[in-house]
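> Task: produce atomic coordinates for the following.
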Amino acid sequence: MDYFKKLVNLLKMERESDKEAYLKQTANSSVTERRAAGLVWYPISIAGTEPSRGDYLTVSVERPSHQEISHQLRFGAQTVLFSNHNAQIDRVEGIISYQYNNQLKINIYTDELPEWCKNGKLGIELLFDDNTYNDMFATLKTADTLYKDSKEGNIVKVLTGINAPSFNKILTPQIIDGLNNIQQAAVNKILSANELAIIHGPPGTGKTTTLVKAIGQIAVNEQVLVVAPSNAAVDLLSEKLSEEGLRVLRIGNPVRISNSLTELTLDYQTSVHPYMKECKKLKKQASEYKNLAHKYKRSFGKAERDQRKALFDEAHKIMKEVAKAEEFVVNDLVEKAQVITATLAGANHYTIQNLKFNTVFIDEAGQALEPACWIPILKAPKVVLAGDHCQLPPTIKSKEAGGLGLENTLLQKCVLLYPEAVTMLNMQYRMNSVIMEYPSKIFYNSALNAHNSVANKLLFEGDSPLTFIDTAGSGYHEKLEGTSSTNPDEAVFLINYLIKLVEKIKSSYSKLDFPSIAIISPYREQIRMLKEHLLNSTILNEFEQYIGVNTIDSFQGQERDLVLISLVRSNANGEIGFLADIRRMNVAITRARKKVVLIGDSATIGKLPFYEGLINYAESVEGYKSVWEFLE
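Take a look at the predicted model:
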């Protein structure tokens, strides 16, 4: 089928761009540079080792220094343990099985730690992730084959636009406490669907709440698979589902480690399973045999070699027994779970690789790369997509592949194909109605309504919920720092503006109920600059626990009382880069509960109709200001 051939070709382009970017970062770069890029932990110390599943050895490591550097090492990633003594030779590959803060565990395919671990400093480096791409390619091939199977392939035909989705008539719709009418309708649409249902959840409309209730209705009678593209989204759903009283099994390594979330993980539930006591005894015994074998490491006589081999053989024999016992434990846990949660790629985890479900839920489907979505989809005849295609799309490394269609998500395609499968939630519980109105008009056909509890909420009495501060003519020009844009004068202005605003609102709040604040910008270098200024402000340091600074992309799914947005772009050519993707601004504006402040150059951004309309809207609600009003 051409549909999947096209996806395969686009994915090949994406993999090449991704690999090229990785090689560019790593080729001819020092370990210090790779560490700064977040690809390496160096130096590390080994905290311990233990025998693991199959013939793997689990090595626990810690990062004692350079802990402030953000990194990309995550659960499931392919990595290499190396020594700086001879980094090209002294290296062994493995997979990260656990990561939290400055600790991680790596499973390496070897009997024992290599001898070179005693020489020089050790490090862990991220390798290019071919496994996930291979999983996606294999899945697309399977989907293409299933398409030709009239029975098994029905879900494939529906999602590719060949067969329309069907629905059963619900004689007595479910009435669920805590949901409004449209949320109830969304749950009933899901229950009535045979192949496909979609929850379109604009900002603040309670998509997660609705999803959790729908999953709860289905999980009473059958096991459900729930996935999302990011670990953070999976964590949120896992916690909420557990709070509903459901037995949740979280496959993979959560990003947000809280006690309640840790207890949902496969690792934790395996460790407290009654059968694991015996496994631990056997593992200890295997370790002892291996330790005895190490005594013969430097002895080369035949008797010593035979003894060493016998000890390793015995350790392997014991570990095979352990593997069988652990397999039983995992199968037992998987079987008893009502809901299994994982990332899209995590749906191919060895513990659930061959499992089938009746229903799979994909949350944040607007940010999910389509080839990755097919991994969980092929496990069930029915899929529920939830998300908002009017917010940020998936991250695509290949501009060419993105332009040719890889950026179009399955959610986008299905919303256009099957409006009868879509329920759009339209009551929002986050924003003041003035903040909501413009995004609602542009992205949601003015369908959003602000709930009474939030519609008129202000930071303080008489305040304006939406302000656009125009820097046109001020000389606040953008600069290029590497590949990222900055606007140093705009950054200074934003911090000074926030200082005055904080001084103003201090009298209305105590330290306990002080408003939460987000400073956001599309550009990473601008964020770095804003963070520096924030650190140097004595007044704002007093309130640092209430202030978050990050890119727009990093704030999707979050909300704050006050949001300040630095738009950065100011040039004579009217070039606005990826500000032209107005979905990014939809995310930025709709993070705010009580007040949003946008700072930008109308002469540059106003050439795009979206920003011209936004500036006009700000004027209509008496929120338009010139930067000169604050400089006089």
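
> And what about Ile519, helix, strand or coil?
Under DSSP: H, G, I helix; E, B strand; the rest coil, Ile519 falls in the strand class.

> Kindly provide the distance from it to Tyr476.
To Tyr476, Ile519 is 16 Å away according to CB to CB, to the nearest Å. Where C-beta positions appear, they are placed from N, C-alpha and C, glycine not excepted.

> what about these two, which has more around it?
Taking neighbours as other CB atoms under 10 Å, Ile519 and Tyr476 compare with Ile519 leading, 27 against 20.

> what about the closest residue to the more buried one other than its chain neighbours, how many neighbours?
Leaving aside its chain neighbours, Ile519 sits nearest to Val549 (4.5 Å; criterion: CB to CB, 6 or more residues apart in numbering). For Val549, the count of nearby residues is 22 (other CB under 10 Å).

> ok but Val549 is inside a strand, no?
Yes: Val549 sits within a strand when classified using three-state DSSP.

> can you tell me how far Val255 sits from Val234?
Note on Val255: its distance to Val234, by CB to CB, is 9 Å.

> the more surrounded of those two?
Val234 (26 against 16).

> List the buried residues in the strand or helix carrying the more buried one.
Here Val234, judged by DSSP states H and E, is contained in helix 231-243. Under the neighbour-count criterion of 16 or more other CB atoms under 10 Å, helix 231-243 has 231-242 buried.

> Make CSV out of the residues you listed and add distance to Leu534 and pLDDT.
Converted to CSV, the buried residues of helix 231-243 look like this (distance: CB to CB, whole Å; pLDDT from 0 to 100):
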residue, distance to Leu534, pLDDT
Asn231, 27, 89
Ala232, 23, 88
Ala233, 28, 92
Val234, 31, 94
Asp235, 27, 93
Leu236, 27, 92
Leu237, 32, 95
Ser238, 33, 96
Glu239, 30, 95
Lys240, 32, 96
Leu241, 36, 97
Ser242, 36, 96
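
> List phi and psi for the closest residue to Thr49 other than its chain neighbours.
Once flanking residues are discounted, Thr49 sits nearest to Val59: 5.2 Å by CB to CB, 6+ apart. Backbone torsions for Val59, taken as degrees, to the nearest 10, come to phi -110, psi 120.

> Please name the bridge partners of Val59.
Note on Val59: beta-bridge partners by DSSP bridges are Thr49, Ile106.

> residues near it, how many?
Val59 has 26 nearby residues by other CB under 10 Å.

> Surely it and Leu104 touch.
No: using CB atoms under 8 Å, Val59 makes no contact with Leu104, being 9.2 Å away.

> Name all residues that sit in contact with the two at the same time.
Residues touching both Val59 and Leu104 (CB atoms under 8 Å, 6 or more residues apart in numbering): none.

> re the thing from before, now the residue nearest to Thr49: how far from Leu246?
Relative to Leu246, and taking CB to CB, Val59 is found at 35 Å.

> repeat for Ala186
On the measure of CB to CB, Ala186 and Leu246 end up 19 Å apart.

> So these two - more neighbours on which side?
Higher neighbour count among Ala186 and Leu246: Ala186, with 30 against 19, using other CB under 10 Å.

> Work out for me the element that one sits within.
Using DSSP H and E, Ala186 falls in helix 181-192.

> after that helix comes which helix or strand?
Reading on from helix 181-192 to the C-terminus, the next helix or strand found by DSSP H and E is strand 196-200.

> any idea which residue sits dead centre in the chain?
In the chain, the residue lying closest to the centroid (CA atoms, centre = their mean) is Ser230, at 2.4 Å.

> surely that residue meets Gln367?
Yes: between Ser230 and Gln367 there is a contact under CB under 8 Å: 7.3 Å.

> Show the end-to-end separation of stretch 481-492, please.
Using CA to CA, to the nearest Å, the end-to-end distance of stretch 481-492 comes to 17 Å.

> Same check on stretch 573-592?
Using CA to CA, the two ends of stretch 573-592 sit 31 Å apart.

> The closest residue to Asp130 other than its chain neighbours - how many residues pack around it?
Among residues not flanking Asp130 along the chain, Gln78 sits closest, at 7.3 Å (CB to CB, 6+ apart). Residues contacting Gln78 under the criterion other CB under 10 Å number 17.

> That's all I had, so thanks and see you.
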